[in-house]
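J.: okay, sequence plus prediction incoming.
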Amino acid sequence: MSLLSITGLLITITCSILILIFIVYGRTKLHRLWTIVNVTVLIWGVGSFLAGQAKSPSAALFAWRIAISGALCIPVTLYHWIYVFSGIKKRTTLWLIYLQAILFCLLVIFTKTILNNWHQLFGSIYYNQANLMYYLMVACWGYVAYLPLWELYKFSKKAKGIQYIQTSYLFFAILIAFIGGASTLLPAFGLKIYPLGNFGVGLYAIIGAYTILRYRLLDINIIITRAGLFIGVYTLVLGLPFAITAYYKNWFIEKFSSHWWMIPLGLMGLLATVGPFIYIYLQHRAEARLLKEQRRYQESLKHAAVGMTRIHDLKRLLKLIAHIVTRKVGISFTSIYLYDETEGVYSLQVSHDKGRKPIVNVSASQEIILWFQSKGIPIVREEIQRFAVELKDKMFKELEVEMNMLEAELIIPSFLDKKLIGFIVLGQKNSGAMYSTDDLNVFQVLASQAALAIENAQFYSEAKEMQAQISQAEKMATVGTMADGLSHQINNRFYALSLIAGDTLDTIRLTDVKNCSPEVQAMVKEINTALERIQVNVMQGGEVVKGILRYTRKGDEGLVPLTIDQIIDGTLDMVQFKVKLQDFDIVRDYLKDIPKIKGNLVQMQEVFFNFIDNAYDSMVERRTTLKEPGYRGRIVVTAKPSFGVMKLYFADNGMGVKAEDMKRLFTPFFTTKVSSRKGTGLGLYVIRSIITETHGGKISVQSEHKKGTTFTVELPIFQEKYPQEETL
C-alpha cells in the first residue's frame, strides 16, 4: 500500500467518525453544513486511497474522478459554512462558486477533457499530465479556496473572546488542509514531489471538528476519548480472534480437526461479552481524569446549594452565592439580580467582580426576561450569537445585544413555583474554557436551591417585620382598650386646670389694682390673658379627648340612619389632629337631601378616617416626588343612590397605586406608605371587614399610578324608597 493510499485511508476513517458524531450530536444548521463539508472531504479521502492503489490508467481515471470531485466541492461547502457562521451577505458569490464546482465536476466525471494523459510516478501512482483545462480548473479551485480563508480572516478582526479563538483554529486548520491537498497537484505539473502533505487534510478535519464542537455541544476531549476507546476495545474484541486464528490455524486444525473453528468462535463470544464492561470501565476512568477539575467544582457547588437554605440573612446569602460561584468555578465575575416588586424591575443585588460597572436594573419587558418566562432555560452567549446569524430572528439579535450589555457568557434563571424571581449572570471562565452541559445542569440545580434559600431568607425577614407590626398593632389596640380610663384621667386634669384658672381669674377680677404701679397693672393684665387662654385650651383638649373616645369605642349602638355629612364632619373633627387639612381640598359632590345610609357612626368614621389618612399620604408623596407646578391635593366624595344601596366614591389625586400592588391592597400588614408615618398595613384590611361583614356592603378600588385612586363603597340605604341610579 502506497503512502498516498495510507493518507486517503486515514482521511476516510477520520471523516467517517466525525460524520457519525455530527449526525448523532448535531443540532443546528451549522452542524449540518459541517457534516456536508466532512462528506466532501470523505469523498476526497476515498478517491486518494483508490488512486494510490490503482494499477492501470483506467483504474486511476476512476479513482481521480472521485478524488477531484470531492476536492472541487470542499472549498465550496466550506465557504457556505463560513457564509452562515460569519453572517456575510454574498449570496451571488455563493451561487457562482457552486455553479463552477458543478460544471467542473461534470467535466471530470463524464468527459476526458481534463483527465486524459496518464503517466506513472514514484513507481506505483498514476498521474494525469496537466493540460489547459486542468490549469483552468486548478485556478478556479485556488480562487474558491482563497475565499473562505479571506472571509475568516476578516471576521477574526472583529471577533472577540472565545469566538476569536475558534476563528483562529478554523483559519489555520483550513490553511493546513488546502496546502496539504494542493501538494497532490504538484506531480501533475511535472514536479516530482511526493504528496505527503495529504496527511494535513485529515489533520484539518480533526481540528475543524474540534472547533465546531466547542460550541458547548459536547466536549471534544470526551468525544475523542469515547471514540478512541470504542475503536480500541472493539478492535480488540473483533480483531484478536482473527489474529489468533490466522497465526494458530494449522495448530488448531491439528489438535481439534474439523471442530477447530469453535476455539476462535468461543474466544470471540467471550470477548464480546466482557467488551462492553471493559469499555464502560475505561470510559469512566478516562473521563474522571479528563474532567477531574470540572467535577471538583461541580461537587463544591452541589454542597453549597444544600447548605444555602440555612442562611436567613438575604444579603449575606447572595454574597455567599456570588463568592462561591466566582472562586470555585474560576470566572471573571458573578452578578445576581432579583425582582423588585415595588419598581417592577430586576435589580442588581450583588456583583462579585473587580473594576467592572454592572447594569443596575433590568426591565421586566426586556428580551432576556421574556426568554426565561417562555423557555425557562439558561442563555449561552455562543448559542445566541449562532442563532442570531442562522435564523435571522430579531429576538436573538436583541438577546445578543442585551447579553453584551451585561457582559455575560451565561445567564441562569432562578424560578420558584414557575415564577421568575431572579437570575445569575456569569462572565467568562478564567481558563477560557466553555461552559459544558454538565456545568449548566449544576448551575440550574444551584439556581433552584438558591430560589428556595432566597424565599426562606425573605420569609424570615418579612416574619420579623410582621412581628414588629403585630407588636405595634397590639400596642395600638391596648391604647384603644385603655381609652376610657385615659380619657377619664385626662379630663380630670383638664377639669382641675379649668377650676384653678377660673378661681384665679375671679380673684384677679375682685382685686382692685388701680392704685398699683403701671408695671404691676400690665403684669396682672398678662396673667389674666394667659389664664383665659388656658381655659380655652382646656375646653379644646376636652373636645380632643371626646373625639378619641368616639373613635376608639367599638360602637355597640347598632346600625342607625346616618347622613354622609354627619360621617364626614365627625371624621374631620378627628383627622385634623393627624393631617393638615389646609394642604388639600375636600369636595362634597352629592345632593343635600340624599337618602341616609344604614350604618354604625363610629365604624363609618373609622372607614372615612382611613380613606382621608391614606389619601393625604398619597398626595404628599405625589407633591414631593413629582414636584408638579401648581399641584394641590384634592379629595372628592361622591354619593349616588342605586336600587337600595348608596354608592360612595372616594377619589383622590394622589400618587396612586402601582399595578403589581393592587391585588395586595387589602392584605394584612401590606402598606404602600413611604413617609415617616408608615402604617401597619391593617387599615384597609379592617375597612373591608367593617364594610362587608358588619354592614353587608361592598368595597372595590381603582387606581392609576401617578394619577390617583378611587375607592367605591356600596352600603344599604336606610329609607325604603329611593331614586333610580344616576350616572357619574
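T.: Perfect, I can see it now. Residues are numbered from 1 along each chain as shown.
J.: can you give me the neighbour number for Ser448?
T.: 16 (other Cβ atoms under 10 Å). Yep, even glycine has a C-beta here, placed from its N, CA and C like the rest.
J.: confirm that it sits in a strand.
T.: No: assignment of Ser448 by DSSP: H, G, I helix; E, B strand; the rest coil gives helix, placing it outside any strand.
J.: quick one: it from Glu628, how far?
T.: Taking Cβ to Cβ, to the nearest Å as the measure, Ser448 and Glu628 are separated by 46 Å.
J.: for Thr563, same thing?
T.: 35 Å.
J.: may I have stretch 348-359 as CSV, with CA atoms only?
T.: Taking Å, rounded to 0.1, in the frame of the first residue of the first chain, the C-alpha atoms of stretch 348-359 are listed here in CSV:
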residue,chain,number,x,y,z
LEU,A,348,-28.8,44.1,41.0
GLN,A,349,-28.3,42.7,44.5
VAL,A,350,-24.7,41.7,44.5
SER,A,351,-21.8,41.6,42.0
HIS,A,352,-18.6,39.8,42.7
ASP,A,353,-16.0,41.4,40.4
LYS,A,354,-13.3,44.0,40.2
GLY,A,355,-13.3,47.2,38.3
ARG,A,356,-16.5,46.4,36.4
LYS,A,357,-19.6,48.7,36.4
PRO,A,358,-22.6,46.3,36.1
ILE,A,359,-26.0,47.4,34.9
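J.: list the buried residues in that stretch.
T.: Residues of stretch 348-359 classed as buried: Leu348, Gln349, Val350, Ser351, His352, Asp353, Pro358, Ile359 (neighbour count, 16 or more other Cβ atoms under 10 Å).
J.: ok now that stretch, how far from the chain's centre?
T.: Centroid separation between stretch 348-359 and its chain, computed with Cα atoms, centre = their mean, to the nearest Å, is 16 Å.
J.: what does stretch 82-101 give?
T.: A distance of 36 Å separates the centroid of the chain from that of stretch 82-101, by Cα atoms, centre = their mean.
J.: what comes up buried for that stretch?
T.: The neighbour-count check on stretch 82-101 (16+ other Cβ under 10 Å) flags Ile82, Tyr83, Val84, Phe85, Ser86, Ile88, Leu94, Ile97, Tyr98, Gln100, Ala101 as buried.
J.: equivalent analysis for stretch 240-259, please.
T.: For stretch 240-259, burial by neighbour count (16+ other Cβ under 10 Å) applies to Pro241, Thr245, Phe252.
J.: before we move on, what about stretch 404-421?
T.: For stretch 404-421, the neighbour count (16+ other Cβ under 10 Å) marks Leu406, Glu407, Ala408, Glu409, Leu410, Ile411, Ile412, Pro413, Ser414, Phe415, Leu420, Ile421 as buried.
J.: now the residues you listed as a markdown table including secondary structure?
T.: Output for the buried residues of stretch 404-421, formatted as a markdown table (three-state DSSP):
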| residue | secondary structure |
| --- | --- |
| Leu406 | helix |
| Glu407 | coil |
| Ala408 | coil |
| Glu409 | coil |
| Leu410 | strand |
| Ile411 | strand |
| Ile412 | strand |
| Pro413 | strand |
| Ser414 | strand |
| Phe415 | strand |
| Leu420 | strand |
| Ile421 | strand |
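J.: list the contacts for Tyr126?
T.: Counting by Cβ atoms under 8 Å, 6 or more residues apart in numbering, Tyr126 makes contact with Ala51, Ala54, Ser56, Pro57, Ala59, Ala60, Trp118, His119, Gln120.
J.: in what helix or strand does the fifth one lie?
T.: Taking DSSP states H and E as the definition, one finds Ala59 inside helix 57-86.
J.: now for that helix, which elements pack on it?
T.: The criterion is 3 or more Cβ pairs under 8 Å, 6 or more residues apart in numbering; DSSP states H and E, and the helices and strands that helix 57-86 contacts are helix 29-53, helix 91-110, strand 118-121, strand 125-128, helix 132-158, helix 161-182, helix 381-391.
J.: how about those in CSV, adding distance to Leu9?
T.: CSV is the format used below for the helices and strands packed on helix 57-86 (distance: least, Cβ to Cβ, whole Å):
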stretch, distance to Leu9
helix 29-53, 5
helix 91-110, 22
strand 118-121, 20
strand 125-128, 15
helix 132-158, 23
helix 161-182, 15
helix 381-391, 34
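J.: and the ones you listed as a markdown table, adding distance to Pro518 and mean pLDDT?
T.: Below are those laid out as a markdown table (distance: least, Cβ to Cβ, whole Å; pLDDT from 0 to 100):
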| stretch | distance to Pro518 | mean pLDDT |
| --- | --- | --- |
| helix 29-53 | 108 | 85 |
| helix 91-110 | 111 | 91 |
| strand 118-121 | 143 | 75 |
| strand 125-128 | 140 | 77 |
| helix 132-158 | 98 | 87 |
| helix 161-182 | 95 | 73 |
| helix 381-391 | 93 | 72 |
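J.: who wins for proximity to Ile454 among those?
T.: helix 381-391 (25.1 Å; Cβ to Cβ).
J.: where in the stretch 401-550 of the chain is pLDDT low?
T.: Along the stretch 401-550 of the chain, segments meeting pLDDT under 70 span 432-434, 436-438, 456-488, 540-550.
J.: out of the buried residues of stretch 240-259, flag the one nearest to Val401.
T.: Nearest to Val401 among the buried residues of stretch 240-259, counting by Cβ to Cβ, is Pro241 at 60.6 Å.
J.: let me know the average pLDDT across the helix or strand harbouring the closest one.
T.: Following DSSP H and E, one finds Pro241 within helix 220-256. Averaging pLDDT along helix 220-256 yields 65.
J.: nearest to Ala71, of the buried residues of stretch 404-421?
T.: Among these, Glu409 lies closest to Ala71 (Cβ to Cβ), at 38.5 Å.
J.: which residues are in contact with the closest one?
T.: Contact analysis of Glu409 by Cβ under 8 Å, 6+ apart lists Ile331, Val380, Arg381, Leu426, Gly427, Gln428, Lys429, Tyr435.
J.: if we use 6 Å, what do you get?
T.: Glu409 sits next to Arg381, Leu426, Gly427, Gln428 when contact means Cβ atoms under 6 Å, 6 or more residues apart in numbering.
J.: domain ranges for this protein?
T.: Annotated domains of the chain cover 3-218, 228-290, 294-461, 483-552, 560-716 [automatic domain parsing].
J.: and the fourth one, how far from the chain's centre?
T.: Computed by Cα atoms, centre = their mean, the chain-centroid distance of domain 483-552 equals 69 Å.
J.: and what of the last one?
T.: Domain 560-716 sits 40 Å away from the centroid of its parent chain (Cα atoms, centre = their mean).
J.: the helices and strands packed on helix 57-86: which one's closest to Gly570?
T.: For those, the distance to Gly570 is smallest for helix 381-391, at 64.2 Å, taking Cβ to Cβ.
J.: with neighbour numbers in mind, choose between Thr563 and Glu628.
T.: Neighbours were counted for Thr563 and for Glu628 using other Cβ under 10 Å; Thr563 has more, 16 against 10.
J.: how about the contacts of Tyr126 in a markdown table, adding distance to Leu42 and neighbour count?
T.: Listed next are the contacts of Tyr126 as a markdown table, based on distance: Cβ to Cβ, whole Å; neighbours: other Cβ atoms under 10 Å:
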| residue | distance to Leu42 | neighbour count |
| --- | --- | --- |
| Ala51 | 15 | 27 |
| Ala54 | 19 | 22 |
| Ser56 | 25 | 11 |
| Pro57 | 25 | 16 |
| Ala59 | 20 | 14 |
| Ala60 | 20 | 23 |
| Trp118 | 25 | 16 |
| His119 | 28 | 14 |
| Gln120 | 27 | 14 |
